[in-house]
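[1] I'd like to go over a predicted model; first the sequence, then the structure.
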Amino acid sequence: MRTCSRTGPGVGGSVTDVVIIGAGVAGLWAARALLARGIRPRIVDRSGGPGLQGCSWWAGGMLAPDCEGATAEPAIVRHGRAAVQAWSGVTQVHRQGTLVLAPDRDRADLATFAARTRGHIAADAAQIGELEPGLAPRHRHGLYFADEAHLDPRQALGDLVRTLEQAGVGIEQAEAVPEDFDGTVLDCRGLAAQDRLPGLRGVRGEMLILRSSEITLTRPVRLLHPRHPLYVVPRAGGLFMLGATQIESEARTGMTARSALELLSAAWALDPRFAEAEVLELGTDLRPAFADNVPRVIRCGRVLHLNGLFRHGYLMAPALAFQAADLIASGQKGDLVHEG
Amino acid sequence: MRDFYGVRLPTRLMLGTAQYPSPAILAEAFRSSGACVATVSLRRESGGGQAFWEIVKQLGVRLLPNTAGCHTAREAVTTAQMAREVFETNWIKLEVIGHADTLQPDPFGLLEAAETLAGMGFEVFPYTTEDQVLAARLVEAGCRVLMPWGAPIGSGMGLNNRHGLRTLRAAFPDVAMVIDAGLGLPSHAAQALEMGFDAVLLNSAVSQARDPVTMARAFACAVEAGALAAGAGPMPVRDMAVPSTPVLGKAWL
């Protein structure tokens, strides 16, 4: 384990030389936030851009701060509420809200979820049918979070890269660590930076992508279940992302049969037509997380680590990037900034 | 308080480590409650759980690895052997699930695994029902601790069969017993201790609470109250009212 190096000038003051390592959602947003403050960074990524190798690729793309608030720390809800507007300047954001449902026998879970979240209205069979005709009359009890939204993560990453290129910031392909550069470095490598961030762990997540021409969901639907909670996020072209397991494991093996069974059974319970859907992808990756599952900017001398986005990459990357950029541009220290 | 394979525990609260909102909240729940045993599962993490197990080890409490998710004696024995290597303890909470929906223990697989594990030097904490015959066989197999369920795992119903549990407690006065599974409220835990059980083990009741840290503390208070009450000798229950102030001789106005 490396320790935080305090040699060299600290972050702050007049900074022109900034290098970002990692072109996942955190690194790309960091670049965007720096550009907005008049700083033009370099971006270096081991693969030359976003793709299969990063956990941003496997995300759901829900911008659902209120639903996440059922279990997440208040900071996630507070910062997450700004994500819709931030992303709207980058990519197509679908402001369709979130529908939360529970099987009849788990209605108590719906009441608990309602009591622990804000920004929802109760949805009865008629309202569910109006929002998602395909789900009526199978589902009769739900909650509708009208202010939430979703995006397509892969499209969003592409759009981020494109807007950065338009501003003259490309991505250089190189395997790099912060010591390779002088000046200010933003280390956005996710779990690859685990050797220098004590307490950063990987939380395994597994997801599927299905294709169906029959299913017509237009917004993320969450199915509460005491054992196998599920969310389904619709994407263009009849694609549906099913997610996601959350296992305290750093195993990088493929999806287990059990996880596939659980996710697919839950999807079948949501809408039996999923039984006929085509399975396009089974994905697994590790989400980097700190002990409180809240992301951090950790300052170690001239290196800022932006990490620990857990399951909130798309929800929290803008806020995390803005705080890192503010720290660099003006020394302003936000609530997500920690000293290493 | 009875001991657990020679170990005297400082408190009567054991907590599971699954499904907390975050490891930070898990650690705080242990601190706020003084829970002295942490159960930890091995199976689902399948070899990649070191980072999380490290967090659990750092709680500084005694670890009780379990065989959650095993459906046969053979699976449970293999999982127990792996757990002994990873966590360096002979303690094993033995779960052999017989029914996928109720997660009810399989009494036959449980007994078979308990016999095998006891023969291998494990100190077995079997997750069992309130069945007295099964309990006798488990004790014969070498179990010095029993973990009868209160209600199905994760149901939060409390003590479903109080008569059965009371009978079980009375039948094995020398065996340490922990009510495991089904507790939802601190009052359920207090009842278990009042009935003479030595400790309770719970997970969802704390991890699924809106505020797990405060709920853990509430359970700590409840087990302490229940244990004090059991030691203090509860009054007998009667069908008739018994006035605490004599009526006889009182002036009738």
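    Everything's here; your move. Numbers count the residues shown, from 1 in each chain, chains lettered A, B, ... in the order given.
[2] now find how far off-centre stretch B:138-147 is within its chain.
    14 Å (Cα atoms, centre = their mean, to the nearest Å).
[3] avg pLDDT for it?
    Averaged across stretch B:138-147, pLDDT comes to 96.
[4] quick one: buried residues of it?
    B:138-139, B:141, B:143-147 (16 or more other Cβ atoms under 10 Å in any protein chain shown). Every C-beta, even on glycine, is put in place using the N, C-alpha and C of the backbone.
[5] packing partners of the top helix by length along chain A?
    For chain A, the helix with the greatest residue count under DSSP state H is helix A:313-330. Other elements packing on helix A:313-330 under the criterion 3 or more Cβ pairs under 8 Å, 6 or more residues apart in numbering or on different chains; DSSP states H and E are helix A:25-36, strand A:62-63, helix A:74-80, helix A:83-88, strand A:296-300, strand A:303-307, strand A:337-339.
[6] measure how the longest one sits relative to helix A:313-330, angle-wise.
    So the one you mean is helix A:25-36. Here helix A:25-36 points in a direction 40 degrees away from that of helix A:313-330 (axes from the mean of the first three to the mean of the last three Cα atoms, to 10 degrees).
[7] centre of the chain to helix A:25-36, how far?
    With Cα atoms, centre = their mean, you get 15 Å for helix A:25-36.
[8] now the second one
    Between the centre of strand A:62-63 and the centre of its chain there are 8 Å (Cα atoms, centre = their mean).
[9] mind checking the SS state of A:D285?
    Three-state call for A:D285 (DSSP: H, G, I helix; E, B strand; the rest coil): strand.
[10] where does the stretch 51-200 of chain B come near chain A, residue by residue?
    B:51-52, B:55, B:154 (Cβ under 8 Å from any Cβ of the partner chain).
[11] go again using 10 Å as the cut-off
    Residues of the stretch 51-200 of chain B lying close to chain A by Cβ under 10 Å from any Cβ of the partner chain are B:51-56, B:69, B:103, B:154-156.
[12] in the chain, what spans have low per-residue confidence?
    Assuming you mean chain A. A:1-16 (pLDDT under 70).
[13] ah, I was thinking of chain B
    Short version for chain B, where the test is pLDDT under 70: B:44-47, B:246-253.
[14] one more time with 80
    Within chain B, the stretches with pLDDT under 80 are B:1, B:43-48, B:242-253.
[15] list the contacts for B:R62?
    Counting by Cβ atoms under 10 Å, 6 or more residues apart in numbering or on different chains, B:R62 makes contact with B:4, B:7, B:9-10, B:14, B:36-38, B:89, B:91.
[16] mind checking how far it is from B:A38?
    7 Å (Cβ to Cβ, to the nearest Å).
[17] joint contacts of these two?
    Counting by Cβ under 10 Å, 6+ apart, the residues touching both B:R62 and B:A38 are B:M14.
[18] how about the contacts made by A:L286?
    Contacts of A:L286 by Cβ under 10 Å, 6+ apart are A:55, A:58, A:190-191, A:194, A:201-205, A:247, A:249-252, B:48, B:51.
[19] show me where chain B has its strands.
    B:13-15, B:37-41, B:62-66, B:91-94, B:123-128, B:145-148, B:176-180, B:199-202 (DSSP state E).
[20] what does the stretch 201-340 of chain A have sitting close to chain B?
    A:201-204, A:226-227, A:245-253, A:256, A:258-259, A:286, A:289-294, A:310.
[21] any idea how far the nearest residue to B:H188 once chain neighbours are set aside is from chain A?
    Spatial nearest neighbour of B:H188, excluding adjacent residues (Cβ to Cβ, 6 or more residues apart in numbering or on different chains): B:G158 at 3.8 Å. B:G158 sits 15 Å away from chain A, going by Cβ to the nearest Cβ, to the nearest Å.
[22] over to B:V7?
    With Cβ to the nearest Cβ as the criterion, B:V7 and chain A are 27 Å apart.
[23] now that residue, which residues is it bridged with?
    Following DSSP bridges, B:V7 is listed with bridge partners B:F4.
[24] is it true that it touches B:F125?
    No. Using Cβ atoms under 10 Å, B:V7 makes no contact with B:F125, being 11.5 Å away.
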